[in-house]
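Novice: What shape does this take:
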Amino acid sequence: MNINTLEEAIECIKKLETENEQLKEEIEAYKKRNTGGRKKHDAAWIASYNDFVDKLESGMTIMEIVALGDISRRTAYRYKAYYNDLKKSGINDKK
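Specialist: Numbers count the residues shown, from 1 in each chain. Predicted structure coming up:
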């Protein structure tokens, strides 16, 4: 793109500033987007899983653990599957 006059330069600057503003708005939209969903293995997950394992290894059944109200039944079965996978692979320590 060749710019020969001051007017062309000013027009080009205006177009670039408009484009820049649009890109800033897009960035803000990305920053504000919902990144919800299950976040596997973050600090809260690890604490909850370790609590589940303590209860499971103390002899409580899954339904007894669920009845305490700290985790859902689905989560309890998910934790149990993860626990079983760790035992199968020889990793007996809690995460």
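Novice: contacts and neighbour counts: CA atoms only from here.
Specialist: Fine.
Novice: Which strands or helices does the helix or strand in which Glu64 is found pack on?
Specialist: Using DSSP states H and E, Glu64 sits within helix 62-67. On a contact count with 3 or more Cα pairs under 8 Å, 6 or more residues apart in numbering; DSSP states H and E, helix 62-67 meets helix 43-57, helix 73-88.
Novice: Turn these into JSON lines, columns for distance to Ala67 and mean neighbour count.
Specialist: Compiled in JSON lines, the helices and strands packed on helix 62-67 are given as follows (distance: least, Cα to Cα, whole Å; neighbours: other Cα atoms under 10 Å):
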{"stretch": "helix 43-57", "distance to Ala67": "12", "mean neighbour count": "15"}
{"stretch": "helix 73-88", "distance to Ala67": "9", "mean neighbour count": "15"}
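Novice: With distance to Ile27 added, can I get those helices in TSV?
Specialist: Listed next are the helices and strands packed on helix 62-67 as TSV, based on distance: least, Cα to Cα, whole Å:
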stretch	distance to Ile27
helix 43-57	28
helix 73-88	35
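Novice: Would you mind finding the longest helix in this protein?
Specialist: helix 6-32 (DSSP state H).
Novice: so how far is that helix off the chain centroid?
Specialist: 31 Å (Cα atoms, centre = their mean, to the nearest Å).
Novice: What of stretch 67-85?
Specialist: Centre-to-centre, stretch 67-85 and its host chain are 19 Å apart (Cα atoms, centre = their mean).
Novice: how close does Asn50 sit to Tyr30?
Specialist: 34 Å (Cα to Cα, to the nearest Å).
Novice: Angles on the backbone of Ser72, please.
Specialist: Dihedral pair for Ser72: phi -80, psi 170, per degrees, to the nearest 10.
Novice: Share the number of residues neighbouring the residue lying closest to Arg73 once chain neighbours are set aside, please.
Specialist: Of all residues not flanking Arg73 in the chain, Val66 sits nearest, at 5.7 Å (Cα to Cα, 6 or more residues apart in numbering). Other residues near Val66 come to 18 when the count uses other Cα atoms under 10 Å.
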